[in-house]
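In: Can you look at this prediction? I've put the sequence above it.
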Amino acid sequence: MDFVPLDSLNEKAAEEELSRLAELLEQANTAYHTKDAPFMSDAEYDAYKRRNLALEDRFPHLKRADSPTDVVGAAPSAGFAKVSHSMAMLSLANAFDDEDVFDFVQRIRKHLGLSDAEPLHFTSEPKIDGLSLSLRYENGALVQAATRGDGAVGENVTANALTINDIPQRVPNAPDVLEVRGEVYMSHTDFEALNEKQNAAGAKAFANPRNAAAGSLRQLDARITQNRPLRFFAYAWGTLTAPLGKTQSDSIERLKNLGFQTNELTDRCDGPEALLAQYRRIEERRASLDYDIDGVVYKVDDLDLQRRLGFRSTTPRWAIAHKFPAELAWTELQSIDIQVGRTGALSPVARLKPITVGGVVVSNATLHNEDYIAGRDNKGGVIRDGKDIRAGDYVQVYRAGDVIPKVADVDLDKRPAEAIPFVFPTTCPECGSDALREAGDAVRRCTGGLICPAQAVERLKHFVSRAAFDIDGLGAKQIEQFYKDGWVSEPADIFTLRDRYESGMQQLKNRDGWGEKSATNLFDAIDEKREIPLARLLFALGIRHVGEAASNLIAQHYSTFDAFEKSTLAAQIEEGDAWDDLLSIDGVGTVMAQSLVHTMGQPAERASIDRLVAQLKVQPSKPIVSDGSPVAGKTVVFTGTLERMTRAEAKSRAESLGAKVAGSVSAKTDFLVAGPGAGSKAKKAVELGIRTLDEDGWLALIEGL
Ligand SMILES: NC(=O)c1ccc[n+]([C@@H]2O[C@H](COP(=O)([O-])OP(=O)(O)OC[C@H]3O[C@@H](n4cnc5c(N)ncnc54)[C@H](O)[C@@H]3O)[C@@H](O)[C@H]2O)c1
Ligand SMILES: [Zn+2]
């Protein structure tokens with residue numbers, strides 16, 4: 001499974017790959033979920049799925065209607081009666097490392113508008129590797145059992161479920177309607193005994209306990225299921241006529257009291273550190289458990305908060321599955337190379353003696369940054385017991401969430417006597433400029449800017465990438481070639497290619513694969529992009545910290561390139577009206593604002609940008625207008641405590657109605673929505689004569705009451 005680097009993929013290749021992946025993943029899903037006979041490892045499946053997601057992230061408009069990303073499980077098998085779930089049975093988002101867990105918690109706090117000081121509790125539950133089952137009890141009696149199927153429609157396996165000891169047939173004192181959800185699994189002991197029986201009977205042995213459990217539950221003849229030692233852990237619920245509790249942990253306790261098996265390793269944790277500690281405790285216990293687990297599931301404990309967080313297309317926002325790393329291997333690290341990126345970041349790469357990790361041949365791995373190599377984390381703390389990494393070392397390689405493998409550990413016993421500590425360069429290996437590390441930044445960066453060939457090429461690649469100029473026939477490969485040949489050294493050069501070619505200055509067609517026709521096609525494709533929306537132009541410039549979303553916001557705010565340029569120049573001293581105006585854009589913080597004014601303030605950078613803009617027709621941004629909305633095109637500022645919604649909710653709602661949400665009050669503000677505790681912003685609004693509403697007034701306005 002060697003994937004083409006995303007940067008060098010053109011649209012057509014991406015589209016083809018997405019189509020192949022859709023087909024492959026659909027087959028894998030059917031094999032795994034419907035036939036209980038997977039033809040690839042879970043790790044491989046996960047890697048394909050991540051690759052698919054990465055492609056969709058990079059080429060959002062190529063996302064297929066039948067995208068594997070939006071698929072849960074597989075359609076029910078024809079042999080079973082179908083059951084429509086009254087509440088969808090979804091999948092879980094995945095976390096693969098500690099950082100993903102911190103991000104998960106941070107996302108939730110942000111969404112709910114919780115400060116770091118406010119408590120936020122989670123449950124941590126082992127992720128049982130079986131298959132999920134929904135049990136419906138009416139007036140205390142089991143009336144239906146269904147598999148997840150595709151999340152909306154599952155298979156009716158009631159007769160089979162009735163044969164499982166852990167599943168009570170009657171539940172006294174239950175709500176009138178009680179849907180209990182959980183995992184059907186097989187213990188290791190039972191699995192081994194079953195396979196011995198299968199062998200003795202000349203039948204096929206099962207590959208693993210999960211397949212055995214799934215294959216045993218999903219039998220058309222329930223008498224076969226009866227002879228299979230299946231078990232069940234309850235950890236969730238569907239429709240209920242009365243709540244089981246106020247929290248996830250209460251509800252699990254209640255399920256236990258109602259007679260269900262719940263997992264004893266389930267715990268309550270008050271933050272990411274506690275979750276991670278629990279993860280490691282469970283990981284240590286993993287080998288001694290008599291059943292398979294493939295990770296730990298974290299869920300927001302408070303059910304009210306779960307409700308507010310809601311769902312994405314196939315996963316709840318309030319839960320995540322932190323998977324155990326499965327793929328590890330040891331190999332020799334032959335050398336450490338330094339790569340220079342678009343923003344000048346020096347990234348160390350380990351060149352490895354090729355090794356197979358979870359079915360994939362790996363010969364490169366990231367070493368993150370100089371601290372990581374030295375055995376320190378970004379805050380100066382010790383990692384890997386302080387062991388540094390050297391060329392010649394024997395290292396442990398793993399593949400986790402990213403397709404890019406990482407180096408995790410080093411074996412000091414196998415370190416060659418002549419191995420010397422790695423000295424991280426303080427000059428750029430590409431251009432010789434000083435490479436500096438700013439305070440608080442883990443990364444060392446080349447200061448060469450435009451004179452650094454590595455940065456120049458990476459910037460050009462970014463400039464022509466999908467979300468930027470997206471020029472047909474001008475991808476990463478062509479950019480590299482054109483740069484090498486001296487045809488294109490900055491973005492403006494792309495737009496003078498035709499002139500130079502036609503005046504005979506450059507002989508594009510002498511190059512391999514370039515005829516008269518392909519040259520003309522390329523020039524036409526370039527001309528098509530001379531007219532460009534401001535937001536795309538801003539993104540294409542590749543200014544550090546300024547991504548696609550920020551580019552949109554900035555374009556919306558300034559509307560024209562001229563206004564943007566003037567403002568950022570006026571804001572050079574980082575104070576005054578222009579600076580305040582820049583910071584008033586919701587989503588633009590100090591770091592981004594500094595990066596913008598810094599870039600525009602450098603004469604060489606600005607000259608290069610001006611040369612580019614002279615070749616273009618930049619389309620001004622139009623305000624988003626949402627038909628009939630009373631706040632469309634208006635600018636609103638929220639301040640004080642909101643009681644009926646969080647800031648995030650208030651913001652996304654206002655934006656969906658076409659309003660602009662700003663972070664501070666200025667003459668351009670149309671409404672100030674002030675909750676209790678509003679301070680200086682409310683005063684300023686009064687001074688400027690801006691309409692101030694309380695939360696109810698705002699809701700009344702947007703709801704048209
Ligand atoms: N090898 C293959 O060909 C192949 C094909 C398809 C899927 N898969 C495997 O299946 C997984 C994807 O399937 P998925 O959609 O079931 O996602 P998932 O397994 O990542 O997570 C969702 C499932 O976790 C289970 N679960 C276990 N303990 C839980 C708990 N305490 N709380 C909540 N849920 C719990 C539930 O059954 C739930 O449906 C992949 O990770 C992949 O490894 C493999
Ligand atoms: Zn450089």
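Out: Arrived safely, thanks for sending. Ligands and ions are numbered 1, 2, ... in the order given.

In: which residues touch A75?
Out: T34, G149, D150, V153 (Cβ atoms under 8 Å, 6 or more residues apart in numbering). (C-beta placed from N, C-alpha, C; glycine too.)

In: and it, that's in a helix?
Out: No: A75: not assigned to a helix; according to DSSP: H, G, I helix; E, B strand; the rest coil it is coil.

In: For it, give its distance to ligand 1.
Out: A75 sits at a distance of 13 Å from ligand 1 (criterion: Cβ to the nearest ligand atom, to the nearest Å).

In: And for S664?
Out: With Cβ to the nearest ligand atom as the criterion, S664 and ligand 1 are 42 Å apart.

In: Does that residue touch L583 like I think?
Out: Yes: contact criterion Cβ atoms under 8 Å: S664 and L583 qualify, at 6.9 Å.

In: Out of the contacts of A75, who's the most crowded?
Out: With neighbours defined as other Cβ atoms under 10 Å, the most crowded of the contacts of A75 is G149; it has 25 neighbours.

In: what's near enough to touch it?
Out: So G149 contacts G73, A74, A75, P76, K82, V83, M89, E155 (Cβ under 8 Å, 6+ apart).

In: and this structure, which of its residues are near ligand 2?
Out: Residues of the chain found near ligand 2 (Cβ under 5 Å from the ion) are C428, E430, C431, S433, C446, G448, C452.

In: From L450, how far out is the first one?
Out: Put plainly, it is C428. 13 Å (Cβ to Cβ, to the nearest Å).

In: Looking at those two, which is more packed in?
Out: Between C428 and L450, C428 has the larger neighbour count (other Cβ under 10 Å), namely 24 against 15.

In: ok, now how distant is the closest residue to that one other than its chain neighbours from G547?
Out: By the measure of Cβ to Cβ, 6 or more residues apart in numbering, the closest residue to C428 outside its immediate chain neighbours is C446, 3.6 Å from it. The span separating C446 from G547 equals 21 Å under the rule Cβ to Cβ.

In: higher neighbour count, those two?
Out: C446 (27 against 11).

In: pretty sure that one contacts L346?
Out: Yes: applying Cβ under 8 Å as the test, C446 and L346 come out as touching, 6.6 Å apart.

In: which residues are common contacts for the two?
Out: With Cβ under 8 Å, 6+ apart as the test, C446 and L346 both reach V340, C428, A435.

In: with those in mind, which one is nearest to ligand 2?
Out: Ligand 2 lies nearest to C428 out of the shared contacts of C446 and L346, by Cβ to the ion, at 3.0 Å.

In: now stretch 455-465, how far from the centre of its chain.
Out: A distance of 23 Å separates the centroid of the chain from that of stretch 455-465, by Cα atoms, centre = their mean, to the nearest Å.

In: So which residues of the stretch 1-150 of the chain form helices?
Out: 11-29, 42-58, 98-112 (DSSP state H, counting those that start in this stretch).

In: With the stretch 351-500 of the chain instead?
Out: 370-374, 453-463, 476-484, 491-494, 497-502.

In: Now the longest one: average pLDDT?
Out: Helix 453-463 comes out with an average pLDDT of 95.

In: I'd like to know which elements it is packed against.
Out: When contacts are defined as 3 or more Cβ pairs under 8 Å, 6 or more residues apart in numbering; DSSP states H and E, helix 453-463 packs onto strand 327-340, helix 476-484, helix 491-494.

In: let's see it at 10 Å
Out: Counting by 3 or more Cβ pairs under 10 Å, 6 or more residues apart in numbering; DSSP states H and E, the packing neighbours recorded for helix 453-463 are strand 327-340, strand 444-446, helix 476-484, helix 491-494, helix 534-540.

In: ok, back up a step: just the buried members of the contacts of G149?
Out: Neighbour counting with 16 or more other Cβ atoms under 10 Å marks G73, A74, A75, P76, V83, M89, E155 as buried within these.

In: Could you measure from the closest residue to R437 other than its chain neighbours over to L450?
Out: Nearest non-adjacent residue to R437, counting by Cβ to Cβ, 6+ apart: R444, 4.6 Å away. Distance, R444 to L450, by Cβ to Cβ: 19 Å.

In: Can you tell me, leaving aside adjacent residues, what's nearest to I451?
Out: Closest to I451 by Cβ to Cβ, 6+ apart is C431, at 6.0 Å.

In: pLDDT score assigned to the closest residue to P533 other than its chain neighbours?
Out: Closest residue to P533 apart from its sequence neighbours, by Cβ to Cβ, 6+ apart: Q619 at 4.8 Å. What the model reports for Q619 is a pLDDT of 93.

In: How about the contacts made by Q619?
Out: E531, I532, P533, L534, A535, R536, L537, A555, T560, F561 (Cβ atoms under 10 Å, 6 or more residues apart in numbering).

In: Retrieve the pLDDT associated with the nearest residue to the fifth one once chain neighbours are set aside.
Out: Across the structure, with Cβ to Cβ, 6+ apart as the measure, the residue nearest A535 apart from its sequence neighbours is A555 (3.7 Å). Residue-level confidence at A555 comes out at 92, pLDDT.

In: Near A555, how many residues? Count them for me, please.
Out: The burial count for A555: 24, using other Cβ under 10 Å.

In: quick one: it from P172, how far?
Out: From A555 over to P172 (counting by Cβ to Cβ), the distance is 63 Å.
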